[in-house]
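Participant: Pasted the sequence and its predicted model underneath.
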Amino acid sequence: MDFRIFVHIDFINQRIKIKVLYKLYKLNLLKAQWKGVNIDLKISEISKFNPEFTSSVITIGSFDGIHLGHRKLMELTKDYASKLNLPSVVLTFHPHPLKILHPEERIHLITTFEKKVELIEAIGIDYLIYITFTPEFAKMTPEDFIENVIVKKLNPVKVIVGHDFGFGVGKSGNTLLLEKLANELNFDLTVVGPVKMGKKIVSSTIIRRFVLLGQVCAVKRFLGRHYSVHGKVVKGSGRGKSLGFPTANIIPEEELFPKDGVYATLVKVDNEFHDSVTNVGSNPTFNEEIRRIETYIFNFDKDLYDREIEVFFVARLRPEIKFDNSASLENRIKKDIALAAVILSKEHAAPI
């Protein structure tokens, strides 16, 4: 008989705690190590950055999600840098500008900084430089930003940006101004058009909307990978054990979660992927109020306590349902598992 386990992802602490910049990288350029994996990507806060190069090829943006549009910019940056035998640089902002400029909007980021590091490293970028975004920095004029930050710090021979790139106070700078400044300051500029899926432009905004609606298949098309959440497993209430299934809870790092319902998922443990079924919601059958994620991992018998796991959402199976009793719930879980197994059997390649 197969041993299976539920993984509960509690949403009690939904606020992300991005400490990786300060604890892992210590605000200095160094070779990073994350979750036991050596990372060649060099990371620095720009005020602490002492470049080892005289010129570079750079792309600039907030890059929340590292979606297909972002990937296009970064891959072009890498390709141009390789042709010119120069380092490739991604310049981004931390915290996200909207967190500082419009905190009332309570924007939910698609990726944590840890995940952003992982994805940018996978593309093959040489340097990730971030600017600490503050209200004071937000007052900088577009001209000052380009001349005294971009050119003086990074000395680019080429800058690559998206079609909707805005910079400087109130995003008063646009690509037309940037082209003018490129001519004056002697660097080449490439403005990349939008990446589209059908008639829709790929953007972080539309991806957030898809996640909140539970449209995880659409998320994959726009993001270029399955959306995922991750965190460390901690001891839970033991409800799963009382139902006959061992349970585990994790406190997630992400701010953004799919709509309540049941999903076919993949769970990453120690760089290995396992088929699973995931419920997002508050367990209405038991009249619980805490919103959580419960993941049922197939054929799994390892102790997960105090370990990091990542849950990838592959397909939405159904909405969350309030059952009359636990027996009815268990029967439906079996049907969910069978359907998920069929869907996941078509997932031949492991997700990023």
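Facilitator: It's in.
Participant: From here on, just use CA atoms for contacts and neighbour counts.
Facilitator: Fine.
Participant: Please enumerate the helices of the chain.
Facilitator: With DSSP state H as the criterion, the chain has helices at 20-23, 68-84, 97-101, 113-123, 142-144, 152-154, 175-185, 204-212, 216-223, 239-242, 326-344.
Participant: Just want the angle from the second one to helix 216-223.
Facilitator: An angle of 30 degrees separates the directions of helix 68-84 and helix 216-223 when computed by axes from the mean of the first three to the mean of the last three Cα atoms, to 10 degrees.
Participant: tell me which strands and helices helix 68-84 is in contact with?
Facilitator: Counting contacts by 3 or more Cα pairs under 8 Å, 6 or more residues apart in numbering; DSSP states H and E, helix 68-84 is packed against strand 56-60, strand 88-94, helix 113-123, strand 156-162.
Participant: Residues touching the shortest one, excluding its own?
Facilitator: Okay, so that is strand 56-60. 73-74, 77-78, 80-81, 86-92, 154-161 (Cα atoms under 8 Å, 6 or more residues apart in numbering).
Participant: Just checking: what are the partner strands of it?
Facilitator: Strand 56-60 pairs in its sheet with strand 88-94 (parallel), strand 156-162 (parallel), by DSSP bridges.
Participant: Apart from its neighbours in sequence, what residue is nearest Ile125?
Facilitator: Among residues not flanking Ile125 along the chain, Ser88 sits closest, at 5.6 Å (Cα to Cα, 6 or more residues apart in numbering).
Participant: about what we covered before: between the strands paired with strand 56-60, which gets nearest to Thr265?
Facilitator: Taking Cα to Cα, strand 88-94 is the member of the strands paired with strand 56-60 nearest to Thr265, at 30.2 Å.
Participant: What sits closest to the spatially most central residue of the chain if chain neighbours are left out?
Facilitator: For the chain, the residue nearest the mean C-alpha position is Thr111 (2.2 Å; Cα atoms, centre = their mean). Nearest non-adjacent residue to Thr111, counting by Cα to Cα, 6+ apart: Gly65, 5.2 Å away.
Participant: Does the one you found touch Gly224 like I think?
Facilitator: No. Using Cα atoms under 8 Å, Gly65 is not in contact with Gly224; the gap is 9.9 Å.
Participant: Among those two, which residue is more densely surrounded?
Facilitator: The neighbour count for Gly65 versus Gly224, taken as other Cα atoms under 10 Å, is higher for Gly65 (25 against 17).
Participant: ok, now how distant is the more buried one from Arg71?
Facilitator: Here the criterion is Cα to Cα, to the nearest Å. By it, Gly65 lies 10 Å from Arg71.
Participant: Ends of stretch 80-92, what's the gap?
Facilitator: End-to-end span of stretch 80-92 (Cα to Cα): 19 Å.
Participant: any idea of the mean pLDDT in that stretch?
Facilitator: For stretch 80-92, mean pLDDT is 98.
Participant: Contacts for that stretch next, please.
Facilitator: Contacts of stretch 80-92 (Cα under 8 Å, 6+ apart): 53, 55-63, 74, 77-78, 125-131.
Participant: what comes up buried for it?
Facilitator: Tyr80, Ala81, Leu86, Pro87, Ser88, Val89, Val90, Leu91, Thr92 (16 or more other Cα atoms under 10 Å).
Participant: before we move on, the earlier item: from Ile131, how far off is the residue nearest to Ile125?
Facilitator: Per Cα to Cα, Ser88 is found 17 Å from Ile131.
Participant: repeat for Glu121
Facilitator: Distance from Glu121 to Ile131, counting by Cα to Cα: 18 Å.
Participant: Sketch out the low-pLDDT regions of the stretch 251-352 of the chain for me.
Facilitator: Applying pLDDT under 70 to the stretch 251-352 of the chain picks out residues 284-287, 289, 348-352.
Participant: do that again at 80, thanks
Facilitator: Counting by pLDDT under 80, the stretch 251-352 of the chain has low-confidence residues at 251-253, 282-292, 347-352.
Participant: just checking, Pro156 touches Ser55?
Facilitator: Yes. Contact status for Pro156 versus Ser55: in contact at 5.4 Å, counting by Cα under 8 Å.
Participant: For those two, indicate the residue with more neighbours.
Facilitator: Per other Cα under 10 Å, whichever of Pro156 and Ser55 has more neighbours is Pro156, with 26 against 20.
Participant: so what's the spatially closest residue to His67 that is not a sequence neighbour up against?
Facilitator: Nearest residue to His67, sequence neighbours excluded (Cα to Cα, 6+ apart): Leu223, at 4.2 Å. By Cα under 8 Å, 6+ apart, Leu223 lies in contact with Gly65, Ile66, His67, Leu68, Ile207.
Participant: Specify the residue ranges that define each domain of this protein.
Facilitator: With domains defined by automatic domain parsing, the chain comprises 5-13+226-344, 35-200.
Participant: can you put these in TSV and add distance to Leu213?
Facilitator: Listed next are these as TSV, based on distance: least, Cα to Cα, whole Å:
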stretch	distance to Leu213
domain 5-13+226-344	5
domain 35-200	14
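Participant: Which one of those domains lies nearest to Gly214?
Facilitator: Closest among the domains of the chain, using Cα to Cα: domain 5-13+226-344, at 4.5 Å.
Participant: Flag the shaky bits of the stretch 101-250 of the chain, pLDDT-wise.
Facilitator: Applying pLDDT under 80 to the stretch 101-250 of the chain flags residues 233-250.
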